[in-house]
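A.B. asks: Kindly return the folded structure for what I paste below:
(one chain, ligands or ions: 1)
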Amino acid sequence: MNLKKQVLSRLGHAEYRPLQEEAIDALCSGQDVLLAAPTGGGKSLAYQAAGLIQNGVAVIVSPLLSLMSQQVEELNKKGVRAKFLNSTLNPGEQDDLVSALRHNHIDLLYLSPEKLVQPSVMGFLHSFEISLFAIDEAHCISQWGSYFRPEYSQLGQLKVAFPTVPIIALTGTVDKNTINSIQESLQLESCLVLRSSFDRSNINIQIAQKRKAKQQILYFLHNEMPGESGIIYCRSRKKTEELAHWLNTLGLPSLSYHAAMTDSEKQVNHKLFSEQHGTIMVATTAYGMGIDIAHVRFVVHVDLPSSPEAYFQEVGRAGRDGKPAKSLLLYGLQDMLQAQQFIALQPSGAESDTQRLMDFFRILEGRGCRRKNILSHFDEDVLDCGFCDRCLGSKSESNMTIASQKLLSLIYHTKGVQPFSVLIQTLLGKRTKATNLIKAESLSLFGKGKELAEAQWKSIIRHLIAYEYITLGQSSLFTVHINEKARAVLKGDVQIIMSSERYYPILNEDQLLS
Ligand code: ADP
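C.D. replies: Reported below is the predicted structural model:
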């Protein structure tokens, strides 16, 4: 048996997956690699096997301490000489580790980016032979940028300090921009880029309009996923606790998880969720990286994720066992406005974050197959899936050009300073405090939009925001700018065609109990 095969069986598998093999061969010939595959795609095996095949120590940089200790533990069980360099080691343990590394008694060394970029650690790495560097979750370089984990952006120095050691960057869901930015920051411009498909064809995708979100969730849990385990993602910590509490009172066993909980609370809830089938985890995005639980049957988003990458990565936590699974995302105009506001308030990285959010809006508002729209963001061209809410339901569309023209002119005539709610009231001809205040009755468009309901006007606003006919003000989100693009709509040169709205059904608490 050759060495490559031996290593594979030592790691507990029978066959390499095609991309794993390509990555390993490239690393063993000294080439840098960027491996982009969805979570669960088996990326770790690529650097573990290459590290065991080559002489020297494979140094693995990973952002999550819990993930590293878990991997090291599993490798040790298989008899692989893996260690974890972290600040919890006492001086004696550190000396032992140093001596083991120098005497070639360790094959894989895990550490955090913060640890790696310490000058003393960088110096120390020069004192033994290194087979490769693996940078796990490399999308954090661009996603977290310099704000959350500044050390991630300093990893470029590896290529300078160790020009002959191959580097493999690993990442979950990415678009071309993220791949480019990883290559640039790690100085991997000429690396081999390996991408596997991001499609998770066993997961049904539903995206629908939000109304009475709690009752919509109840319908989903009761009618679509009774007794199953799943994750419900919310934006705020408080909401995770409230929703979990509410579900528990209805007899639906639920836990919560967010960053403000203590480590032990988090561990307990994670353990309960992973062991008890039929439990619902209501969580913020803090419940994420490294979660690999086979029996998660659904993922629900009650609030908007911040990007297509975040959304699809979270959706991908369902159906890890390959069996049918479901995802449901609920949103409305308010969610879009809040998401934009949230990003505008972030201290850094606003521009690329805004771009990602706009990409996401276009996926949400896009016509046709949901899966096709999402995958095209990841540069994958697929046929209609036949399995998402659009493919299974109605694909009807309406021409909303005239309504869009009314709305755009009203924004123009009110100088973009009126909130959307007031614009809608004006179009509907409602005499309210707000419309009286701006003397809306004197506007020629007052009451000229009665052919549509409030919800339809909101959907037009969503569409015009997503396709950047209008932009919310940079300094104040309460002002609206009409973009150059909108001129063509006003002149009738561009038609606004929209997919029909889909409202997800509701189930009231009393219906559940009766
Ligand atoms: P990723 O890092 O891409 O999220 P992991 O490396 O955690 O994925 O692997 C996901 C799962 O796939 C693990 O349970 C792992 O044991 C399994 N796996 C990886 N490679 C293979 C293989 N060649 N054959 C069978 N199972 C594999």
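A.B. asks: Those residues of the stretch 201-350 of the chain touching the ligand, which are they?
C.D. replies: Contacts of the stretch 201-350 of the chain with the ligand, taken as CB under 6 Å from any ligand atom, map to residue 292. For glycine as for every other residue, the C-beta is placed from the backbone atoms N, C-alpha and C.
A.B. asks: ok and the residue in the stretch 201-350 of the chain nearest the ligand?
C.D. replies: Among all residues of the stretch 201-350 of the chain, residue 292 sits closest to the ligand, at 6.0 Å; criterion: CB to the nearest ligand atom.
A.B. asks: neighbours around that residue, how many?
C.D. replies: Neighbourhood size, residue 292 [other CB atoms under 10 Å]: 12.
A.B. asks: contacting residues around residue 299?
C.D. replies: For residue 299, the contact set (CB atoms under 8 Å, 6 or more residues apart in numbering) comprises 230-233, 314-315, 317-318, 325-328.
A.B. asks: and it, which of the three is it?
C.D. replies: With DSSP: H, G, I helix; E, B strand; the rest coil as the basis, residue 299 sits in strand.
A.B. asks: Likewise for residue 199?
C.D. replies: Secondary structure, three-state DSSP: residue 199 is coil.
A.B. asks: One more: residue 15?
C.D. replies: From three-state DSSP, the assignment for residue 15 is coil.
A.B. asks: Use 619 as the first number from now on
C.D. replies: Sure, I'll start numbering at 619, so the last one becomes residue 633.
A.B. asks: which residues touch it?
C.D. replies: Residue 633 touches residue 626, counting by CB under 8 Å, 6+ apart.
A.B. asks: where does it land on pLDDT?
C.D. replies: The per-residue pLDDT reported for residue 633 equals 93.
A.B. asks: Could you export the longest helix along the chain as PDB, CA atoms only?
C.D. replies: If you go by DSSP state H, the chain has its longest helix at helix 968-983. Provided in PDB are the C-alpha atoms of helix 968-983 (Å, rounded to 0.1, in the frame of the first residue of the first chain):
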ATOM      1  CA  ALA A 968     -19.000  49.100   5.500                       C
ATOM      2  CA  GLU A 969     -18.500  49.100   1.800                       C
ATOM      3  CA  SER A 970     -18.000  45.500   1.100                       C
ATOM      4  CA  ASP A 971     -20.600  44.500   3.700                       C
ATOM      5  CA  THR A 972     -23.100  46.800   1.900                       C
ATOM      6  CA  GLN A 973     -22.300  45.200  -1.400                       C
ATOM      7  CA  ARG A 974     -22.800  41.700   0.000                       C
ATOM      8  CA  LEU A 975     -26.100  42.800   1.500                       C
ATOM      9  CA  MET A 976     -27.200  44.200  -1.800                       C
ATOM     10  CA  ASP A 977     -26.300  40.900  -3.500                       C
ATOM     11  CA  PHE A 978     -28.400  39.200  -1.000                       C
ATOM     12  CA  PHE A 979     -31.400  41.500  -1.600                       C
ATOM     13  CA  ARG A 980     -31.200  40.700  -5.300                       C
ATOM     14  CA  ILE A 981     -31.200  37.000  -4.600                       C
ATOM     15  CA  LEU A 982     -34.300  37.500  -2.400                       C
ATOM     16  CA  GLU A 983     -36.100  39.600  -4.900                       C
END
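A.B. asks: Residue ranges in this protein under the pLDDT threshold?
C.D. replies: Along the chain, the model assigns pLDDT under 70 to residues 619, 760-767, 791-792, 965-968, 1092-1096, 1131-1132.
A.B. asks: Kindly report the residues of it close to the ligand.
C.D. replies: Checking the chain against the ligand by CB under 6 Å from any ligand atom, the hits are 631, 633-635, 638, 655, 657-663, 910.
A.B. asks: Give me the neighbour count for residue 1058.
C.D. replies: 24.
A.B. asks: Does it touch residue 1042 like I think?
C.D. replies: No. Counting by CB atoms under 8 Å, residue 1042 is not a contact partner of residue 1058; they are 11.0 Å apart.
A.B. asks: quick one: secondary structure of residue 888?
C.D. replies: Strictly by three-state DSSP, residue 888 counts as helix.
A.B. asks: rewinding a little: so which of the contacts of residue 917 is the most crowded?
C.D. replies: Result: residue 936 is most packed of the contacts of residue 917 (other CB under 10 Å), 28 neighbours.
A.B. asks: Need the phi and psi values for residue 993.
C.D. replies: Phi and psi for residue 993, reported as degrees, to the nearest 10, are phi -70, psi -30.
A.B. asks: For it, give me its contacts.
C.D. replies: 815-817, 999-1000.
A.B. asks: Of these, grab the buried ones for PyMOL.
C.D. replies: What follows is the PyMOL syntax selecting those of the contacts of residue 993 that are buried according to 16 or more other CB atoms under 10 Å:
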select buried, resi 816+817
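A.B. asks: Just flag the most distant two among the contacts of residue 993.
C.D. replies: 816 and 999 (12.3 Å; CB to CB).
A.B. asks: which ones are touching residue 1032?
C.D. replies: By CB under 8 Å, 6+ apart, the contact set of residue 1032 is 1040-1041, 1044, 1056, 1061.
A.B. asks: Show me which of the contacts of residue 993 is closest to residue 1130.
C.D. replies: residue 817 (34.5 Å).
A.B. asks: Grab the nearest non-local neighbour of that closest one.
C.D. replies: residue 993 (5.9 Å; CB to CB, 6 or more residues apart in numbering).
A.B. asks: roughly how far apart are that neighbour and the ligand?
C.D. replies: 18 Å (CB to the nearest ligand atom, to the nearest Å).
A.B. asks: Roughly how far does that residue sit from residue 975?
C.D. replies: Residue 993 is 19 Å from residue 975, where distance means CB to CB, to the nearest Å.
A.B. asks: can you check residue 919 too?
C.D. replies: In terms of CB to CB, residue 919 sits 14 Å off from residue 975.
A.B. asks: likewise residue 986?
C.D. replies: 21 Å.
A.B. asks: Then residue 747?
C.D. replies: Residue 747 is 45 Å from residue 975, by CB to CB.
A.B. asks: neighbour count winner among those two?
C.D. replies: A count of neighbours by other CB under 10 Å puts residue 975 above the other of residue 747 and residue 975, at 22 against 12.
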